[in-house]
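K.L.:
I need the structure of the sequence given here:
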Amino acid sequence: MGANTKAYEEALKKISGAVNANENLNQYKFVVRGAGTGMFALCTASNTGVDGVLQDDPQATGYVGLIGISGVTKIVVGSAGITDGDEGMCDSAGCVTTTTGGGNISQGKALGTGASGAIIPFLLKHRNTT
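P.N.:
Okay, the predicted model is just below:
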């Protein structure tokens with residue numbers, strides 16, 4: 001695949017749920033479901049399991065978003081980039097980056113190579129433990 005990878009989706013299982021903020025800039029980023037509110041929010045921690053990848057761009061708190069929970073999804077690459085075949089984790093902006101040690105949780109595998117801001121295909125495996 002390499003640098004000219006086209007992002008795609010395949011066999012992506014999805015659920016819907018309300019978001020806790022305007023998520024219009026967070027399409028194709030990792031999200032988590034809040035225990036208290038039951039609403040989805042942008043994930044910003046690499047040592048936390050994600051609940052999925054936001055597939056659309058809900059415009060306000062309480063709007064319903066579509067969340068990819070397993071399968072091949074499009075995802076935004078974080079500032080550190082990622083290489084085809086790397087295990088991927090959530091970065092501080094909800095994007096995917098290569099998984100590093102120290103208790104960080106891999107959420108799946110990159111199916112393409114990308115630099116910061118690129119959208120690549122990603123095999124979402126929905127893992128919540130290391």
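
K.L.:
tell me the centre residue of the chain?
P.N.:
Computing the C-alpha centroid of the chain and ranking residues by Cα atoms, centre = their mean puts F30 first, at 3.0 Å.

K.L.:
pLDDT below threshold where in the chain?
P.N.:
Across the chain, the ranges flagged by pLDDT under 70 are 1-5, 126-130.

K.L.:
can you show me the strands along it?
P.N.:
For the chain, the strands defined by DSSP state E cover 10-18, 30-33, 40-42, 52-54, 64-76, 87-90, 96-98, 108-110, 119-124.

K.L.:
kindly list the main-chain dihedrals of the residue located most distally from the centre of the chain?
P.N.:
In terms of distance from the mean C-alpha position of the chain, G36 ranks first, at 21.4 Å (Cα atoms, centre = their mean). Here the main-chain torsion angles of G36 (degrees, to the nearest 10) amount to phi -80, psi -40.
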